[in-house]
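> what follows is a protein structure lacking sequence information:
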């Protein structure tokens, strides 16, 4: 069992049709046909959307995505048309709303890994592979890979878990030409972002992208290179062979699986509310990632 602990009711705005409530984002369609994407402060972990929000999280994700979109525009076009609030939208939408192109979305999570951890580490320990790609012996948790790899996954509904798939399966689902474009774009964007982050003292261990299609073009969509979609590690404390400190939701995951929470992630009981200290520490992690990457102070 998983999903929303408390599913929110969509905000009603004149001229907008609510399309979808996701783990973090709410999607609307404007009368013009453009999409309106609003990033909430919701937090998800272990396939649950938690009952406690992280203040400013949606704004951090949105502003950091915009920063990255600008830096990556020469590699691949993105879906953002405007950041202006739709008429009648609540003031709270400011800073967390994107007006976007309506794309034919590719049903694949495009994951790039430059370091071994997470589900990739689990597969490697069993088979010396990640998504069927053979890797050398001797790697441990946090090891840098010989070169970045493309390890796609299925896109799951809220409450379901993304499943790693092979490149051949992506080619079967999307066609060989689109699969090749997805792999090339994913690795190109990851490599650019990895180098930018490294210059700022941050290791981009892995990340996931979503792409849509507009005519002949592959278009970068949703969010990009945020603490929700990426593993960011401080470079000065990186030490392979152990879990790394991170600028993401790992602090929440660690608390949920600790004795302090009293929650069994493998049971049927929804996760509990987060204590204030966990909320504050997580918010600080997100803001620190934003400030270290962009070189600007959050306000």
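Cool, the structure landed. These numbers were taken from a predicted model, which means no experiment stands behind them. Numbers count the residues shown, from 1 in each chain.

> rest of the way, CA atoms for contacts and neighbours
OK.

> need the three-state assignment for residue 286.
With DSSP: H, G, I helix; E, B strand; the rest coil as the basis, residue 286 sits in helix.

> just to check, it is in contact with residue 55?
No. Here residue 286 does not reach residue 55: they are 10.3 Å apart, not a contact under Cα atoms under 8 Å.

> which one of these two has more residues nearby?
The residue with more neighbours, out of residue 286 and residue 55 and counting by other Cα atoms under 10 Å, is residue 286; that gives 22 against 16.

> ok, the residue nearest the centre of the chain - contacts?
Taking Cα atoms, centre = their mean, the centroid of the chain lies closest to residue 229, which sits 1.7 Å from it. Neighbouring residues of residue 229 by Cα atoms under 8 Å, 6 or more residues apart in numbering: 207-209, 223.

> go again using 10 Å as the cut-off
Residues near residue 229 by Cα atoms under 10 Å, 6 or more residues apart in numbering: 61, 111, 206-209, 223, 248-249.

> which among these gets closest to residue 142?
Taking Cα to Cα as the measure, residue 142 lies nearest residue 206 of those, at 10.7 Å.

> just the pLDDT for that closest one.
At residue 206, the model reports a pLDDT of 97.

> isn't residue 119 up against residue 126?
No. Using Cα atoms under 10 Å, residue 119 makes no contact with residue 126, being 11.1 Å away.

> longest strand of the protein?
Across the chain, the longest stretch assigned as strand under DSSP state E is strand 202-214.

> and that one, which strands flank it?
If you go by DSSP bridges, strand 202-214 pairs up with strand 104-105 (antiparallel), strand 108-115 (antiparallel), strand 217-221 (antiparallel), strand 230-234 (antiparallel).

> mean pLDDT for those - can I get that in CSV?
Supplementary listing: those in CSV, determined by pLDDT from 0 to 100:
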stretch, mean pLDDT
strand 104-105, 95
strand 108-115, 97
strand 217-221, 96
strand 230-234, 95
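
> who's in contact with residue 80?
35-37, 66, 69, 98-102, 219-222.

> low pLDDT regions in the stretch 151-299 of the chain?
Scanning the stretch 151-299 of the chain for pLDDT under 70 picks out the ranges 156-161.

> where exactly do the helices run in it?
With helices called from DSSP state H, counting those that start in this stretch, the stretch 151-299 of the chain shows them at 167-174, 176-199, 250-256, 276-294.

> quick one: residues contacting the residue lying closest to residue 31 once chain neighbours are set aside.
Leaving aside its chain neighbours, residue 31 sits nearest to residue 15 (5.9 Å; criterion: Cα to Cα, 6 or more residues apart in numbering). Going by Cα under 10 Å, 6+ apart, residue 15 touches 28-32, 86-89.

> from those, which land in strands?
Those of those lying in strands (DSSP E): 28-30.

> which of the residues you listed lies closest to residue 197?
Taking Cα to Cα as the measure, residue 197 lies nearest residue 28 of the ones in strands among the contacts of residue 15, at 32.2 Å.

> how far away is the closest one from residue 14?
Residue 28 sits 11 Å away from residue 14, taking Cα to Cα, to the nearest Å as the criterion.

> what about these two, which has more around it?
Using other Cα under 10 Å, the more surrounded residue of residue 28 and residue 14 is residue 28, with 24 against 11.
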